[in-house]
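Undergrad: All I have is the shape, not the residue letters:
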């Protein structure tokens, strides 16, 4: 399964090999280890759906890294179309591939920048929370001096506002890693099952066959 029956001559530009070489070589032989794992996961999902008699999504996108004949690697975006016969049985796959190496480089640079920003925001948040702890400590000591009722009311307002600032600062922790990881395919049923919904809500889902390509923080959206 999953062997080439036709390869466009453009494969020469992509991987430095001829269409004939691509057809004769095993498909997995051109993939890097990480992309091989991703491909095997896709293949397993496809095979499982075929065995269960469930139609796999007709359109799928895979970003895979291939090994070029000259020793370098090429990132590609493969738009996969699943072909079924008239009886809705699996017949084959048509894939259209394009080079996304430059886009991939830009994405990696962005991820690196996001990691640096996350580190900076983490340090800044830590410092701000330390200052807030100091403010709350002095507010506590101020109340111990038995201030006038008016002064005590002002101190309570200051303490309330400070605690609100603390909540807002701690809330940024959830978004520290946003955009620092690659989007992944995530099963909606699995994600919803990890969320602690209020007890008065009843969640009824029928999404076993649906996944979303999204940031790993998708759970926070729900």
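TA: Perfect, thanks for sending it. Just so it is clear, the model here is predicted, and its values are computed rather than measured. Numbering: from 1, shown residues only.

Undergrad: quick one: buried residues of the lengthiest strand in the chain?
TA: Identified as the longest strand of the chain according to DSSP state E is strand 73-84. Neighbour counts using 16 or more other CB atoms under 10 Å place 73-76, 78, 80, 82 of strand 73-84 among the buried residues. The way it works is simple: take the backbone N, C-alpha and C, and place the C-beta from them, glycine included.

Undergrad: For the closest residue in space to residue 88 that isn't next to it in sequence, what are phi and psi?
TA: Nearest residue to residue 88 in three dimensions, chain neighbours excluded: residue 55, at 6.6 Å (CB to CB, 6 or more residues apart in numbering). Main-chain dihedrals, residue 55, degrees, to the nearest 10: phi -70, psi 130.

Undergrad: could you list every residue that touches residue 55?
TA: Applying CB atoms under 8 Å, 6 or more residues apart in numbering to residue 55 gives the contacts 49, 82, 84, 88.

Undergrad: Residue 30 too?
TA: Residue 30 sits in contact with 15, 22, 66-67, where contact means CB under 8 Å, 6+ apart.

Undergrad: how far away is it from residue 24?
TA: 12 Å (CB to CB, to the nearest Å).

Undergrad: one step back: among the contacts of residue 55, which one lies nearest to residue 154?
TA: residue 49 (65.6 Å; CB to CB).

Undergrad: distance of that closest one from residue 42?
TA: 11 Å.

Undergrad: re earlier: out of the contacts of residue 30, which is most surrounded?
TA: residue 15 (23 neighbours; other CB atoms under 10 Å).

Undergrad: State the pLDDT value of the nearest residue to that one once chain neighbours are set aside.
TA: Distance criterion CB to CB, 6+ apart; nearest residue to residue 15, sequence neighbours excluded, is residue 68 at 5.4 Å. Reported pLDDT at residue 68 in the predicted model: 91.

Undergrad: do residue 111 as well
TA: At residue 111, pLDDT is 81.

Undergrad: Give me the helices and strands touching the helix or strand hosting it, please.
TA: Assigned by DSSP states H and E, residue 111 falls within helix 101-144. Using 3 or more CB pairs under 8 Å, 6 or more residues apart in numbering; DSSP states H and E, the elements in contact with helix 101-144 are strand 73-84, helix 149-171.

Undergrad: So which of the ones you listed is nearest residue 210?
TA: Of all the helices and strands packed on helix 101-144, strand 73-84 comes closest under CB to CB, at 15.7 Å.

Undergrad: Can you pull out the residues in contact with that closest one?
TA: 14-15, 32, 46, 55-68, 90-101, 103-104.

Undergrad: Look up phi and psi at residue 97.
TA: Torsion angles, degrees, to the nearest 10, at residue 97: phi -110, psi 140.

Undergrad: helix/strand/coil for the residue lying closest to residue 16 once chain neighbours are set aside?
TA: Closest residue to residue 16 apart from its sequence neighbours, by CB to CB, 6+ apart: residue 69 at 3.3 Å. Recorded secondary structure, residue 69: coil (DSSP: H, G, I helix; E, B strand; the rest coil).
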